[in-house]
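>>> Sequence first, then the predicted structure, then my questions.
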Amino acid sequence: MANGDKPRVAVVTGGSRGIGAAVVAKLAARGLQCLNLDRDPPREKSAAEYFKIDLTDATAAARVLAQVTEAHDVLWLVNNAGMVAPASLEETMLEDFERVMNLNLRALIQCTQAVLPAMKRAHFGRVVNISSRAAQGKELRTVYAASKAGVLGLTRTWSLELGKHGITVNAVGPGPIATDLFMAVNPADSPRTKAIINGVPVKRLGTPDDVAHAVDFFLSDAASFVTGQTLYVCGGMTVGFTAE
């Protein structure tokens, strides 16, 4: 075991719903003690201990992260929390740029820095950053795509810096995933949703569990020789778009 008889503790940011909640369920099922750091509590019963945190506020986030890391040696981290702020280039506001970069990049740095001391002491750690297929480009996603491409840069850089400490860092890039938030703006019977599905080579939307399986692999002992990599869970959309 990576840390002897101590509890096997994993932190998932944004673990209250959607992909984050699926990741919590997956990791808890295989014996990890999960801590959910989220702005909002889970809507349904969760296996994770909930910590209220506003990751857009660096000072407030630092207090919660200190509380968590003082009480737990966190050796598994999933940086999942993020935001989109869709807009065309002409309509993109600098305020949106600052908000999205603050959460999608700065918070990743802050959370990972917080758990690094315990990982280095254990000479073991697993970090998974949630990027997006949009990192390869997507209309109406100037700021979001830039932030998620930045996540890939962080992932590769950290893998080079931390590998000698027994810490791996990888990324998962979801494509269109049928979360509650996605379905709220993309009703199942709408032409737009049907067009999205038709653009996916496997002809369906992904599920939060699809993403959680990929995250679970990167966090597992079986992935100890895998670092600095990005796995797109996108139904083949990164290969190319299909048309009918």
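Received, thanks. On a predicted model such as this, the values are computed, not experimentally measured, just so you know.

>>> contacts, neighbours, all on C-alpha from now
Fine.

>>> For Thr238, give me the backbone phi and psi.
Main-chain dihedrals, Thr238, degrees, to the nearest 10: phi -70, psi -10.

>>> what about it, how many neighbours?
By other Cα atoms under 10 Å, 17 other residues sit near Thr238.

>>> List the contacts of it.
Residues counted as contacts of Thr238 (Cα atoms under 8 Å, 6 or more residues apart in numbering) are 133, 136, 232.

>>> can you rerun that using 7 Å?
Arg133 (Cα atoms under 7 Å, 6 or more residues apart in numbering).

>>> Pull the distance from the worst-scoring helix or strand of the chain on mean pLDDT to the chain's centre.
When the helices and strands of the chain are scored by mean pLDDT, DSSP states H and E, helix 180-185 comes last with a mean of 78. Average the C-alpha atoms of helix 180-185, do the same for its chain, and the two points are 18 Å apart (Cα atoms, centre = their mean, to the nearest Å).

>>> can you check stretch 129-143 too?
13 Å.

>>> and it, C-alpha only, in PDB?
Extracted C-alpha coordinates of stretch 129-143, given in PDB (Å, rounded to 0.1, in the frame of the first residue of the first chain):
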ATOM      1  CA  ASN A 129      -6.600  16.900 -14.300                       C
ATOM      2  CA  ILE A 130      -9.900  17.100 -16.200                       C
ATOM      3  CA  SER A 131      -9.400  18.800 -19.500                       C
ATOM      4  CA  SER A 132     -11.800  18.700 -22.500                       C
ATOM      5  CA  ARG A 133     -12.100  17.800 -26.100                       C
ATOM      6  CA  ALA A 134     -12.600  21.500 -26.600                       C
ATOM      7  CA  ALA A 135      -8.800  21.900 -26.000                       C
ATOM      8  CA  GLN A 136      -8.500  21.000 -29.600                       C
ATOM      9  CA  GLY A 137     -10.800  23.800 -30.600                       C
ATOM     10  CA  LYS A 138     -14.500  24.400 -30.400                       C
ATOM     11  CA  GLU A 139     -16.700  27.300 -31.600                       C
ATOM     12  CA  LEU A 140     -18.000  29.700 -29.000                       C
ATOM     13  CA  ARG A 141     -15.300  28.500 -26.500                       C
ATOM     14  CA  THR A 142     -12.500  31.000 -26.900                       C
ATOM     15  CA  VAL A 143     -11.700  31.200 -23.200                       C
END
